[in-house]
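Chemist: starting from these lines, generate the structure:
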Amino acid sequence: MARSSFVALRAALFCYWLLATGYQLMNFLAGDIGGTKTRLATVEVTGTQVRIEREADYPSRDYAKFADLLGEFLADVEPSLSPNSDGTTSHSTKPASGQVAGYLPLAGERDAVSLREYHFNHAAFGVAGPVRGRVVQTTNLPWRIDADALQRQFGFAHCTLLNDLEATAYGLPALGADDLLTLQAGAPDASGNVAVIAAGTGLGEAGLFWDGQCHHPFATEGGHASFSPGDELEMSLLRYLQQRHQHISWERVVSGTGLLSLHEFLCLYHRVAVPQWLTEEMRNGDAAAAIASAALSGRDKICIKTLDWFVRLYGAEAGNLALKMMSKGGLYLGGGIAPKILPLLQDGAFLDAFLNKGRMCPLLEAMPVRVILNDRAALFGAALRAAQLANNPKNLG
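Modeler: As a prediction, the model looks like this:
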């Protein structure tokens, strides 16, 4: 890959990080809260490096509220002060080897447990939804998450909420070259603003403002901007979706639920019935994943058409975002879908749609475009943001 522009970006992000935090080892509670899955972890932060000590994934929709899920995680975690003896990352809530401190609370005690016993007073959570003050009403879940309420309930010295894509933007300094795949190298001297787009349960978008020396992440809700058809087929899709939704956003077509809508529309458009085997796979598991799997394996023509179309739409909206952000420093694809469809992202259709902006094509050709392969980028970002704020109490709000 063209490493120079990524190294420059990482250095600029680290510049801001170093000014904000210093270079200390600290422990935090971090989370990545999505519409489908929530991942929580206790982490150790040293500079821009994040080491996961304890981690657990939860199906978000199984919980009536986030506090219930968080309480379960804390009840199951017995923290340690030192890394695993073999240097590996723990991916369960079981204690790692090493010195153990604190205590394991009983289920009835979990709501009152003090995080001071756990040696991490600060918590930060990336949440799929707009952050208003210190509260988030999640977009694809019936959760209202209040940072102040979490502080009171769980005894945090401070709790921070970020938009999930903002968290991904904060997490970029923790990524290495092996965590990225380059779709377009861009100009060797590329620098400037950066854009992040991520299709998953929904469609998230964020940016990093370049002030001439450092990057500053910020959230947007650009995925909810109005979908703009580019041809007659997409006009037909828009009319079809307008019969089902009051507002048709880009998230309605570029997301896991969007993939389902595209497939349903194409079946009707081509007057083709869904095969019984596919119906069963969609019913018994992740429906969007079943469609993608059938497309990637070549088992169903409509699934192939669906995923090809999805990739083109993804590229079109990524190009829209890149222009609006003037992301001369590059565009990053995050989220859970992109790493699973790499062959299609690499075959040219994504970039063709990304670059199809008329007179602005040369500008877009100069922008690096990379896929984030590490699905912990948002978790890392939440941890790094918690560390920033812990080292700068004046910024706590």
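
Chemist: isn't residue 154 right up against residue 75?
Modeler: No. Using Cβ atoms under 8 Å, residue 154 is not in contact with residue 75, being 11.0 Å away. To be clear about C-beta, it is placed using only N, CA and C from the backbone, and glycine gets the same treatment.

Chemist: of the two, who's got more company?
Modeler: The residue with more neighbours, out of residue 154 and residue 75 and counting by other Cβ atoms under 10 Å, is residue 154; that gives 21 against 18.

Chemist: measure the more buried one to residue 121 for me?
Modeler: Using Cβ to Cβ, to the nearest Å, residue 154 is found at 11 Å from residue 121.

Chemist: before we move on, what about residue 354?
Modeler: Between residue 354 and residue 121 the computed distance is 43 Å (Cβ to Cβ).

Chemist: so which of the two has more stuff around it?
Modeler: Set residue 354 next to residue 121 and count neighbours by other Cβ under 10 Å: residue 354 wins out with 26 against 19.

Chemist: just confirm the more buried one is within a strand.
Modeler: No. Membership of residue 354 in a strand is not supported by DSSP: H, G, I helix; E, B strand; the rest coil, which gives helix.

Chemist: which residues does it contact?
Modeler: The contact partners of residue 354, by Cβ atoms under 8 Å, 6 or more residues apart in numbering, come to 184, 315-316, 318-319, 322, 364, 369.

Chemist: determine which two of those residues are furthest apart.
Modeler: Spatially, the most separated pair among these is 184 and 316, at 15.0 Å (Cβ to Cβ).

Chemist: between those two, which is the more surrounded one?
Modeler: A count of neighbours by other Cβ under 10 Å puts residue 316 above the other of residue 184 and residue 316, at 23 against 18.

Chemist: how confident was the prediction at that one?
Modeler: If you check residue 316, the pLDDT there is 98.

Chemist: likewise for the one 3 residues further on?
Modeler: With respect to pLDDT, residue 319 has a value of 98.

Chemist: low-confidence stretches in the stretch 201-350 of the chain?
Modeler: Of all residues in the stretch 201-350 of the chain, none has pLDDT under 70.

Chemist: for it, which segments are assigned as strands?
Modeler: With DSSP state E, counting those that start in this stretch, the ranges of strands along the stretch 201-350 of the chain come out as 203-210, 215-219, 330-334.

Chemist: of all those, which lies closest to residue 252?
Modeler: Closest to residue 252 of these is strand 203-210 (Cβ to Cβ; 8.7 Å).

Chemist: contacts for the closest one?
Modeler: 12-13, 128, 163-166, 168-169, 172, 191-198, 215-223, 249-251, 254-255, 258, 317, 321, 325, 327, 329, 334-335.

Chemist: need the longest helix for the protein.
Modeler: helix 301-325 (DSSP state H).

Chemist: residue 35 in helix, strand or coil?
Modeler: Classification of residue 35 by three-state DSSP places it in coil.

Chemist: need the nearest residue in space to residue 316, chain neighbours excluded.
Modeler: Counting by Cβ to Cβ, 6 or more residues apart in numbering, residue 316 lies nearest to residue 353, which is 4.4 Å off, once chain neighbours are set aside.

Chemist: could you list which residues are in contact with that neighbour?
Modeler: Going by Cβ under 8 Å, 6+ apart, residue 353 touches 311-316, 318-319.

Chemist: residue 57: which of those is nearest?
Modeler: For these, the residue nearest residue 57 by Cβ to Cβ is residue 314; the value is 24.9 Å.

Chemist: what residues does the closest one make contact with?
Modeler: If you count contacts by Cβ under 8 Å, 6+ apart, residue 314 has them with 199, 254, 333, 350, 353.

Chemist: and what of residue 323?
Modeler: Applying Cβ under 8 Å, 6+ apart to residue 323 gives the contacts 357, 360, 363-364.

Chemist: give me the buried subset of these.
Modeler: For these, a burial check counting by 16 or more other Cβ atoms under 10 Å picks out 357, 364.

Chemist: now for the contacts of residue 323, which pair is the farthest apart?
Modeler: Pairwise distances across the contacts of residue 323 peak at 8.1 Å for 357 and 363 (criterion: Cβ to Cβ).

Chemist: from residue 344, how far out is the residue most central in space within the chain?
Modeler: Centroid check for the chain by Cα atoms, centre = their mean gives residue 335 as the closest residue, at 4.6 Å. To residue 344, residue 335 is 15 Å away according to Cβ to Cβ.

Chemist: tell me where the stretch 51-200 of the chain has strands.
Modeler: Under DSSP E, counting those that start in this stretch, the stretch 51-200 of the chain gives strands at 122-127, 131-132, 135-137, 144-146, 158-163, 180-184, 194-199.

Chemist: which one of the ones you listed lies nearest to residue 51?
Modeler: Nearest to residue 51 among the strands of the stretch 51-200 of the chain is strand 122-127 (15.9 Å), distances taken as Cβ to Cβ.

Chemist: so which elements touch the closest one?
Modeler: Other helices and strands packing on strand 122-127, by 3 or more Cβ pairs under 8 Å, 6 or more residues apart in numbering; DSSP states H and E, are strand 25-33, strand 158-163, helix 164-171, helix 377-391.

Chemist: packed most tightly, which of the ones you listed would that be?
Modeler: Comparing those by mean neighbour count (mean count of other Cβ atoms under 10 Å), helix 164-171 ranks first with a mean of 31.

Chemist: now do it against strand 203-210, angle only.
Modeler: If you take axes from the mean of the first three to the mean of the last three Cα atoms, to 10 degrees, helix 164-171 sits at 40 degrees to strand 203-210.

Chemist: same question for helix 164-171, mean pLDDT?
Modeler: For helix 164-171, the mean pLDDT works out to 97.

Chemist: what is it packed up against?
Modeler: Applying 3+ Cβ pairs under 8 Å, 6+ apart, we find helix 164-171 packed against strand 25-33, strand 122-127, strand 194-199, strand 203-210, strand 215-219, strand 330-334, helix 377-391.

Chemist: can I get the ones you listed in CSV including distance to residue 63?
Modeler: As requested, the helices and strands packed on helix 164-171 are exported to CSV (distance: least, Cβ to Cβ, whole Å):
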stretch, distance to residue 63
strand 25-33, 11
strand 122-127, 14
strand 194-199, 23
strand 203-210, 21
strand 215-219, 24
strand 330-334, 24
helix 377-391, 18
